[in-house]
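Engineer: okay, sequence plus prediction incoming.
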Amino acid sequence: MGLPEDAALAVLAGIGLAAIVLLARPLLARLAARNIRRRASRVLIVVAGLLVGTAVISSSLVVGDTLRYIFLEDVYVRFGAVDEVVSNEFSGQLLSFPESHFEGIATDLTAAGSPVDGVAPTLLKVMPVRNVVGNKGNQQITVMGLNASHESAFGPLTGLDGGALDTDALGPTEVFANERAAAELNVTLGQELTLFYGTTNQTLVHATVAAVVRGAGTGSYERRAILFMDLRRAQAAFNESGAINVIRVSNVGGVADGVALTDRVTQDLRLSIATRHLALRVQDVKSEAVAQAVQVGRDATELFLVMGAFGILAGVLLIVNIFVMLAEERKPELGVARALGFLRRDLLTTFALEGTFYAVLAAALGAFAGLGLGYVMVYFFDRLVPHGDVPVTFHFDPASVVTAFVAGAALTWVTILIASWRVSRLNIVRAIRDLPQPATSERSRGFLAAGILVALGGAALTAWGFSRDTGMGRIPGPPVLGIGLGLVAVSRGWARVGLTLASAFNLAWILLPFGLLNQATDSVSIAFVMTGMILVGSAILITVFNVSEALRALLRAAGHGSGRPVLTTAVSYPMEKRFRTGMTVAMFALILFMVTLISMVQGLQASSIGTFVEQQSGGYDVIAYTTSYGEIPNFRTILQGNFTNDTFLGGWNGVSSASVLPAKVQAVDGNRSYDYTLWGVDNFLIRSNRYGFTSFLPSFVNESTGAREDLTTRESVWLSLRYNHTLAIVDRSAAGPNQFTPDEDRLRIVPGTRIRALDADGRAVNLTVVGVLEQALQFTSGVFVDQEVVQTVFPAQEQYTAYFFQMSPGTDIGAFRANLERVFFTYGLQTIDIREEIGQAFDASQQVLTLMEAYLGMGLLVGIAGLAVITMRAVVERRTQIGALRAIGFTRRMVLSVFLLEIALIAVLGVGIGVALGIVFAYKIWAVYFADIIRFSVPWDRLLLIIGLASVAAIASTAQPAIQASRLPPAEALRYIE
Amino acid sequence: MGEETIIRGVDAHKVYNSGPVTVHALRGVNLAIPRGEMVAIMGPSGCGKTTLLNCFSGLDDLTSGEVRIEGVSLSGMNDDAKSRYRSRRMGFVFQSYNLLPVLSAAENVELPLLVAKVPAKEARRKALALLGQVELDSWAGHKPAQLSAGQQQRVAIARALVNEPAIVWADEPTGNLDSETSAQIMDLLVRLNRESRQTLVLVTHDAIVSSRAHRILRMRNGQIVEETRGG
């Protein structure tokens, strides 16, 4: 990750400027240094709060670095020296082609001077293999037939003893097993394996393990469990004489460097294929995989940055709050300084120098703290998120740490400069006498000008957003316009009414149940952060301008009580300092908004998992499928011989099947085809499934009777496939993108559309869409027709069979699956427990969300730091008032209660606003995207826990100044001069 | 004036430790003030007059000696007891007014009553009545920042008197006021003292102010060195 050059330049410029000032104005530097040393505890709190923003940035980058690194490493392990692959792949199946194609292509590459150092023919098959002696089998063992004379560029196969192994040296019945295959099959040297190739007319191949190959280079190709054979031997064993199905190509350079030549080599390969009119395709497998790995890293960084954006925002608010209060604290001395002759820019410079110290220190600490936080995130990622065989090791690019430092320092420094500018513009006499700055006509003009500018900006954004159909304008435009008009109202002295109305409008604009986002083009991340800022900001404005009236009304209604003087005092102070209070409330609200939103998503998932599983499973418990093409002969006979019918719901009627075929599907009047799975469903499946529809035709023609029959129920739509073989059902993706189906390459059709399904050889069937499913996930993705359609139009060897089982209540599904796989092992039958599969994905999702919540919770540190700073400031500001309160009879406990109540009021307001907005926004998301899928509910127990923890943490962490205030002797407080 | 002694101090000493420096602020002060008397305490800066006021009112503790208010020894009370006593039997007027800036005039005045657990409605009624007595009834809803210096001090006086205290302690009540306003404030204090017969102890360096008192005590170096009759 490179440095953001602008930010780096800005920070370098700032540091350079600071250095110049230090040398040129040593007096200002001395003042800044003395101020820093004045209150060490304050410095610690300030730096702790400021470093959070940088830590968020740093950890986001570091997590991205780690994921990018581990997935890149995985790419290099999986592909080794292989940069491109030439094959005749059709929807995931490798079709064989003459070995002479390889010879022609290799010749062409040499003639073109293509920068390749290796081209190798390969026969690659996947089949069940059993180790009888070792009592283990696996349905998905890869068998690779290699020609050793072409393998030099791809690195040798290496035995466990480190010696090179050569497939040329293998005996007629010998194979090498890589480490993974050896483990899967529990195999040792010399043991015999049985390879089951094909289902109809199955071929058994017996082989002996001659050596175990290390999992490196070709030995770990695509991280498969592999048996290596001599190519000729493999061709003979699998009836593929003179045929191969993969050509592996290695570019000049190492495993990582060769990818740079991909474009040239790919071009040369395509030229060769086109010239020779070969039905082959080139895939730049490594380049694609590298791009994906890099994208994973980017996506992870973006996700964490979005999650952490609110923490960063809260950090910015903290900086502003701190510097405004520092200015208030020093107002008299600043006034004296101006009276003595200091210029405004001297005050600005002094604050800026002090701020530079905080910025640099906090950014440096934050960058390193982010390393630690990133490490923790990666640790939990490893444990909570399924990541296949990819080993997770923490890794970071030092440039990321520097980037985080630069970004954090720049952000802090710019904010400090703005706050310092505001500070420098004080009235000298009022500052010396520590009187509030009056509303002047100059201030009113300032608000008016700002309001008009902001309103014009908002109007422009709005116009752009609607004209270009983009949420980037529609979302913020009207709120910005509203705030601009509110500022104009402020200039007229109508701050409360103006800003309250503007904020109420903003809330309504964001929360109304229509989408402002253009899902096709808008950045969801940016839109989400904008939305959060507008919601929280608007709620804060309404609160700070109106809550004191509400609280006072409550107090009046409350009558008398021993806590009344405490309540009266506690409630009044925060609402007098609106800016300070609003900033601090916002710090809590921003974080709690995000935490609540995530918690809501978790709750929605958890409360709906049962319904979701039921919808996705369609009523089935287990799905089984073969890895070899064809139909398992006498499947039901074998099943009935090994299981009793009470195992299944409805007896043998609870067993269904589908003939499955990878196909290309296109609209009849379209010219673009898409990869689809074609499901030929049997009568049992038609009658027993519980999948529903988003839309379907009102009627169909029964081919048997010629009569038109109404379609009114889900069951009748499915049955129409049986009675009219020209009909098909398509998955949900046909209805356009939704929360589960992004806007990517899929058919866009409605019931009644005519489509065509084709296989690799161009065999086709024309169909009419009768219905569009509710789902498009996992087991319901594809085009569904009657089984006879698939079996009559397409050859058996292109199909595989999937079996669906509805189990009787109480059946041990794990035991059933193990038995089923054992019985049908030679056919490579594998099984999936549908509920377990969905449940695992759900669990992983829940855990990731919990991880996000914990990450976000760190942002609470900012709020706590903010609250601590204003409490410390309040104790100092009100020291003589504390003395007065004690004089008129307030006890220590009452004074403590006043401060604790103030802290509690701010924390609870912030937490409450954040939680309330999080719930409401979650409802909007649910209403727009999920209402037809899951039921809305609020996880009150979890939210109450979050509210309680956040509030208690906030109050407990900031109680110390309050305790100090309560212990002040009255006389000492009264004679205090700041 | 009644003969009952409401404030009695015997051999009162107060020593401060301010870092390495020890300050003997009160050196054996003996004092007796009868109920209803208006006493002015004068002296140069640092003579101990504010310290005397703080220690005799219970805002601060003596190092040694005894103070009895209405016959009750302050040193026998814990902090809460002193606070409660102050809320019921004492009022305070400070040089810097020390009003709570976030409360209105009426809310500032009623605060001691609320502390003494007087019902809110009654507290408000009494507060408004006191504000009327100090001629600020039309300013009841204003915050201190919206009042002049004199008005703020009058609010402070109203706050000091609202709970009908036995004793009012005033530390430089006219210190931040111009001469005309000072005179008005003193007229008010004298009038209220005559009408309500509350004991009033005020610390001042202003001879004109002190001349309005029944008795003037002069302090120097932590001791009362002179006692004269006022006007």
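Structural biologist: Now that the structure is in, tell me what you want to look at. Source: prediction; values computed, not measured.
Engineer: ok, longest helix in chain A?
Structural biologist: helix A:285-329 (DSSP state H).
Engineer: and it, is it in reach of chain B?
Structural biologist: No. Helix A:285-329 stays clear of chain B (Cβ under 8 Å from any Cβ of the partner chain), getting no nearer than 13.4 Å. Every C-beta, even on glycine, is put in place using the N, C-alpha and C of the backbone.
Engineer: show me where pLDDT drops low in chain B?
Structural biologist: For chain B, residues meeting the criterion pLDDT under 70 lie at B:1-3, B:231.
Engineer: what's the following helix or strand after the longest helix of chain A?
Structural biologist: Per DSSP states H and E, the first helix or strand lying C-terminal to helix A:285-329 is helix A:331-340.
Engineer: would you mark the buried spots in that next one?
Structural biologist: A:331, A:334, A:335, A:337, A:338 (16 or more other Cβ atoms under 10 Å in any protein chain shown).
Engineer: now swap in stretch B:26-37 and tell me
Structural biologist: B:26, B:27, B:29, B:31, B:33, B:34, B:35, B:36, B:37.
Engineer: circling back to that earlier point, which one of the buried residues of helix A:331-340 is nearest to residue A:268?
Structural biologist: Comparing those against residue A:268 with Cβ to Cβ places residue A:334 closest, at 72.7 Å.
Engineer: next up, the contacts around that closest one.
Structural biologist: By Cβ atoms under 8 Å, 6 or more residues apart in numbering or on different chains, the contact list for residue A:334 reads A:327, A:347, A:423, A:426, A:431.
Engineer: kindly provide the distance from it to residue A:31.
Structural biologist: 10 Å (Cβ to Cβ, to the nearest Å).
Engineer: what is residue A:227 paired to in the beta sheet?
Structural biologist: Beta-bridge pairing for residue A:227 (DSSP bridges): residue A:143, residue A:177.
Engineer: burial count for it?
Structural biologist: By the criterion of other Cβ atoms under 10 Å in any protein chain shown, residue A:227 has 28 neighbours.
Engineer: quick one, what contacts it?
Structural biologist: Contacts of residue A:227 (Cβ under 8 Å, 6+ apart): A:129, A:141-144, A:175-178, A:181, A:193, A:195, A:207.
Engineer: redo these as TSV? Include pLDDT, distance to residue A:866 and neighbour count.
Structural biologist: Converted to TSV, those look like this (pLDDT from 0 to 100; distance: Cβ to Cβ, whole Å; neighbours: other Cβ atoms under 10 Å in any protein chain shown):
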residue	pLDDT	distance to residue A:866	neighbour count
A:129	92	64	30
A:141	92	60	26
A:142	94	58	19
A:143	95	64	24
A:144	96	62	23
A:175	95	67	28
A:176	96	64	26
A:177	95	62	29
A:178	94	57	26
A:181	94	59	28
A:193	93	67	24
A:195	91	68	21
A:207	91	70	24
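Engineer: so which of those residues comes closest to residue A:296?
Structural biologist: Among those, residue A:142 lies closest to residue A:296 (Cβ to Cβ), at 24.8 Å.
Engineer: so which bits of chain B are right by chain A?
Structural biologist: Selection of chain B residues close to chain A by Cβ under 8 Å from any Cβ yields B:50-51, B:54-55, B:57, B:59-60, B:79-80, B:83-84, B:86-88, B:90-92, B:94, B:96, B:98-103, B:107, B:111-112, B:114-121, B:123, B:145, B:159, B:171.
Engineer: in the stretch 601-750 of chain A, what residue is nearest chain B?
Structural biologist: The stretch 601-750 of chain A approaches chain B most closely through residue A:603 (40.2 Å), counting by Cβ to the nearest Cβ.
Engineer: hang on, the earlier thing: need the buried residues of helix A:331-340 in CSV (columns: distance to residue A:57 and pLDDT).
Structural biologist: Shown next, in CSV, are those (distance: Cβ to Cβ, whole Å; pLDDT from 0 to 100):
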residue, distance to residue A:57, pLDDT
A:331, 34, 79
A:334, 33, 79
A:335, 38, 75
A:337, 36, 76
A:338, 37, 74
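Engineer: what packs against the helix or strand containing residue A:973?
Structural biologist: Assigned by DSSP H and E, residue A:973 belongs to helix A:970-974. Here helix A:970-974 touches helix A:879-887, helix B:49-57, going by 3 or more Cβ pairs under 8 Å, 6 or more residues apart in numbering or on different chains; DSSP states H and E.
Engineer: now the spatially most central residue of chain B: closest residue in space that isn't a chain neighbour?
Structural biologist: Of all residues in chain B, the one closest to the mean position by Cα atoms, centre = their mean is residue B:169, 1.3 Å from it. Leaving aside its sequence neighbours, residue B:169 sits nearest to residue B:57 (Cβ to Cβ, 6 or more residues apart in numbering or on different chains; 4.7 Å).
Engineer: ok, residue A:922 next?
Structural biologist: The shortest distance from residue A:922 to any non-neighbouring residue, by Cβ to Cβ, 6+ apart, is to residue A:600 (3.6 Å).
Engineer: hmm, the one you found is touching residue A:938, no?
Structural biologist: Yes. Counting by Cβ atoms under 8 Å, residue A:938 is a contact partner of residue A:600 at 7.1 Å.
Engineer: quick one, which of those two is more surrounded?
Structural biologist: Neighbours per residue, other Cβ under 10 Å: of residue A:600 and residue A:938, the larger number sits with residue A:600, 25 against 17.
Engineer: report the distance from the host helix or strand of the more buried one to the chain centre.
Structural biologist: Element membership of residue A:600, judged by DSSP H and E, is helix A:578-617. Put simply, helix A:578-617 sits 15 Å off its chain's centre (Cα atoms, centre = their mean, to the nearest Å).
Engineer: cool, stretch B:108-125 as well?
Structural biologist: With Cα atoms, centre = their mean as the basis, stretch B:108-125 stands 19 Å off its chain's centre.
Engineer: what is the end-to-end distance of that stretch?
Structural biologist: Across its full length, stretch B:108-125 reaches 13 Å between end residues, using Cα to Cα, to the nearest Å.
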